[in-house]
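Asks: predicted model and sequence follow; I will ask about them next.
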Amino acid sequence: MKAVTFDGIGQVKLSDVPEPQIQEPTDAVIRIIASSICGTDLHMIRGTMSGMIPGTILGHEAVGIVEEVGEGVTEIKPGDRVVVASTIACGKCVYCQAQEFSSCDRANPNGPEAGSAFFGGPGTSGPFHGLQAERARIPYADTVLTKLPEAISKEDALLFSDIFPTGYMGAEIADVKPGDTVAVFGCGPVGQMAIASSILLGAKIVLAVDVIPDRLEMAAAQGAIPINYELEDPVEALKKHSNGYGPDACIDAVGVDSQQAHSGPAKNGFLSRLTSFIDQRLVAPASLMFGSQWRAGDAPYQALRWCVEGVRKSGVISIIGVYPLNAVSFPIGLAMQKALTIRAANCSHSKYIPKLLKLAEENDFHPADILTRMHVMEDAIACYKHFDKREPGWMKVELLPKNNAA
Ligand SMILES: NC(=O)c1ccc[n+]([C@@H]2O[C@H](COP(=O)([O-])OP(=O)(O)OC[C@H]3O[C@@H](n4cnc5c(N)ncnc54)[C@H](O)[C@@H]3O)[C@@H](O)[C@H]2O)c1
Ligand SMILES: [Zn+2]
Ligand SMILES: [Zn+2]
């Protein structure tokens with residue numbers, strides 16, 4: 001079958017790979033009817049999240065039809081139309097029982113301390129083959145798959161695989177309450193979902209920080225106040241829109257590929273630029289050699305630093321942008337002096353998907369509004385390049401396996 005594979009840092013290709021098989025009684029095999037490209041896939045291709053094994057199928061967001069289930073699968077049946085949770089979890093261990101699926105003790109073959117298991121990720125996350133393919137093996141199918149209501153379109157459903165749950169978790173762990181002021185750093189797909197979720201949770205003012213005009217426009221269309229960090233100093237702008245205090249919470253929806261301001265009042269001085277240069281080389285040395293044609297960030301901790309500087313005293317920082325295990329820099333002194341609460345997580349998708357399907361229906365909320373491109377999977381390599389450059393209109397890309405129309 002055809003699949004999009006990681007072929008080395010900076011290299012992604014369309015490959016012929018073996019068909020997936022049931023390997024464990026708790027597995028299912030699904031036919032994928034839609035998958036999508038995520039900012040997380042970009043970190044891996046740019047080399048800013050290292051440890052990918054060449055040949056791994058990319059992608060962790062998909063909707064499909066179940067073709068086959070192992071004998072231990074009881075909830076999911078062949079023929080079910082399902083959304084796949086990006087994070088793989090056993091459903092049975094103490095963490096899964098507490099709905100902390102991204103901390104599952106059993107799903108990651110590298111052991112309980114290895115971090116979250118997910119599709120299409122580096123060796124440390126499994127590795128498990130991903131979902132940008134015609135078919136996929138789904139471990140722990142009863143937990144990882146959710147049967148979809150008939151009324152939901154496959155486009156809306158696709159956004160429940162990862163980014164709507166992640167954006168919602170970002171707002172939830174930011175403790176967003178009715179009347180709050182919230183700042184969301186990063187207006188990519190995850191940031192857009194964090195903005196939507198903050199509004200759903202009752203935030204009065206949402207401040208949206210980015211530099212890409214059409215992403216800021218989409219944030220504004222949702223009701224957020226756009227802040228272009230190359231036109232305004234984002235920390236000053238946050239204070240300006242919150243009576244001088246700073247917002248109640250800041251959500252980092254950028255992660256390790258964060259950029260610094262290259263012009264305007266927030267442009268760093270020489271020493272800060274030098275520090276960012278060193279930080280970038282320390283966190284992702286291989287990205288320079290092998291991924292240089294891709295747009296790695298040039299200041300891995302910039303968005304996070306602005307969050308800590310901008311939030312009000314006793315406020316909350318919610319970190320949903322991804323950082324690799326070797327990201328070690330954090331302004332702990334300032335956070336401590338400001339009495340901040342800091343929360344960070346890979347999303348526990350299986351906890352949020354059923355709840356958000358209901359919430360979206362009740363609020364007539366359609367996350368697929370951010371899906372701006374639909375392409376056959378054969379176009380994936382070009383799509384990766386456009387999305388990497390954040391070209392106008394390339395907010396979120398759906399990939400359709402050619403022979404899997406449904
Ligand atoms: N925690 C989770 O479970 C989870 C799940 C999915 C995605 N993610 C992560 O969320 C992050 C965002 O994903 P995405 O798909 O939206 O990615 P994306 O790359 O499309 O978007 C990132 C956005 O951040 C902006 N940006 C860069 N530097 C900035 C800065 N200093 N301040 C403000 N904005 C800045 C970019 O211009 C871009 O629009 C990624 O790190 C991704 O890996 C986390
Ligand atoms: Zn994703
Ligand atoms: Zn578990």
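Replies: Received the coordinates, thanks. Ligands and ions are numbered 1, 2, ... in the order given.
Asks: so what's S35 up against?
Replies: Residues near S35 by C-beta atoms under 8 Å, 6 or more residues apart in numbering: 59, 61-63, 131-133, 158, 377, 398-399, 401. (Each C-beta comes from the backbone N, C-alpha and C, glycine too.)
Asks: if you could redo that for T74, that was the one I meant.
Replies: So T74 contacts D142 (C-beta under 8 Å, 6+ apart).
Asks: and it, its phi and psi?
Replies: When read as degrees, to the nearest 10, the backbone of T74 gives phi -110, psi -30.
Asks: helices of the protein, start to end?
Replies: Along the chain, counting by DSSP state H, helices occupy 39-46, 94-97, 141-144, 154-158, 163-173, 189-200, 213-221, 234-240, 270-283, 285-290, 302-310, 332-337, 349-362, 380-388.
Asks: JSON lines for the contacts of S35, including neighbour count and pLDDT?
Replies: Listed next are the contacts of S35 as JSON lines, based on neighbours: other C-beta atoms under 10 Å; pLDDT from 0 to 100:
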{"residue": "G59", "neighbour count": "31", "pLDDT": "98"}
{"residue": "E61", "neighbour count": "31", "pLDDT": "98"}
{"residue": "A62", "neighbour count": "30", "pLDDT": "98"}
{"residue": "V63", "neighbour count": "28", "pLDDT": "98"}
{"residue": "L131", "neighbour count": "29", "pLDDT": "98"}
{"residue": "Q132", "neighbour count": "30", "pLDDT": "98"}
{"residue": "A133", "neighbour count": "31", "pLDDT": "98"}
{"residue": "L158", "neighbour count": "27", "pLDDT": "98"}
{"residue": "M377", "neighbour count": "24", "pLDDT": "96"}
{"residue": "E398", "neighbour count": "22", "pLDDT": "97"}
{"residue": "L399", "neighbour count": "27", "pLDDT": "97"}
{"residue": "P401", "neighbour count": "24", "pLDDT": "92"}
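Asks: closest one of those residues to ligand 2?
Replies: Using C-beta to the ion, E61 comes nearest to ligand 2 of those, at 5.0 Å.
Asks: list the buried residues in the least confident helix or strand in the chain by mean pLDDT.
Replies: Every helix and strand of the chain was ranked by mean pLDDT, DSSP states H and E. The lowest is helix 285-290, at a mean of 81. Buried residues in helix 285-290, counted by 16 or more other C-beta atoms under 10 Å: 287, 290.
Asks: to what extent is the residue lying closest to M395 once chain neighbours are set aside buried, counted in neighbours?
Replies: Nearest residue to M395, sequence neighbours excluded (C-beta to C-beta, 6 or more residues apart in numbering): T372, at 4.4 Å. Neighbourhood size, T372 [other C-beta atoms under 10 Å]: 17.
Asks: could I get stretch 219-230 in PDB with only the CA atoms?
Replies: Only the C-alpha atoms of stretch 219-230 are listed here, as PDB (Å, rounded to 0.1, in the frame of the first residue of the first chain):
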ATOM      1  CA  ALA A 219      -8.000  34.200  14.900                       C
ATOM      2  CA  ALA A 220      -9.700  37.600  14.600                       C
ATOM      3  CA  ALA A 221     -12.600  36.000  12.700                       C
ATOM      4  CA  GLN A 222     -13.100  33.800  15.800                       C
ATOM      5  CA  GLY A 223     -13.300  36.900  18.000                       C
ATOM      6  CA  ALA A 224      -9.700  37.100  19.300                       C
ATOM      7  CA  ILE A 225      -7.700  40.300  19.300                       C
ATOM      8  CA  PRO A 226      -4.700  39.700  17.000                       C
ATOM      9  CA  ILE A 227      -1.200  40.700  18.000                       C
ATOM     10  CA  ASN A 228       1.500  40.600  15.400                       C
ATOM     11  CA  TYR A 229       4.800  40.200  17.400                       C
ATOM     12  CA  GLU A 230       6.800  41.900  14.700                       C
END
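Asks: how near is D210 to ligand 1?
Replies: For D210, the distance to ligand 1 equals 4 Å [C-beta to the nearest ligand atom, to the nearest Å].
Asks: E100 against S350, yeah?
Replies: No - between E100 and S350 there is no contact under C-beta atoms under 8 Å: 10.3 Å.
Asks: which of those two has more neighbours?
Replies: Between E100 and S350, S350 has the larger neighbour count (other C-beta under 10 Å), namely 25 against 16.
Asks: by contact count, what packs against the least confident helix or strand of the chain?
Replies: Helix 285-290 sits against no helix or strand, with contacts defined as 3 or more C-beta pairs under 8 Å, 6 or more residues apart in numbering; DSSP states H and E.
Asks: what does it rub up against?
Replies: 8-11, 46-48, 50, 280-281, 294, 296.
Asks: let's see it at 10 Å
Replies: For helix 285-290, the surrounding residues in contact (C-beta atoms under 10 Å, 6 or more residues apart in numbering) are 8-11, 43, 45-50, 256-257, 280-281, 294-297, 326.
Asks: now that helix, how far from the chain's geometric center?
Replies: Relative to its parent chain, helix 285-290 has a centroid offset of 22 Å by C-alpha atoms, centre = their mean, to the nearest Å.
Asks: alpha carbons only: can I get that helix in PDB?
Replies: Taking Å, rounded to 0.1, in the frame of the first residue of the first chain, the C-alpha atoms of helix 285-290 are listed here in PDB:
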ATOM      1  CA  PRO A 285      22.000  20.100  16.100                       C
ATOM      2  CA  ALA A 286      21.000  17.800  13.300                       C
ATOM      3  CA  SER A 287      18.300  20.200  11.900                       C
ATOM      4  CA  LEU A 288      21.000  22.400  10.600                       C
ATOM      5  CA  MET A 289      22.900  19.700   8.700                       C
ATOM      6  CA  PHE A 290      20.100  17.600   7.400                       C
END
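Asks: excluding residues flanking it in the chain, which one is nearest the residue in the stretch 101-250 of the chain that ligand 2 sits nearest to?
Replies: Per C-beta to the ion, D162 is where the stretch 101-250 of the chain lies closest to ligand 2, at 3.6 Å. Excluding its sequence neighbours, the residue lying closest to D162 (C-beta to C-beta, 6+ apart) is S86, at 4.1 Å.
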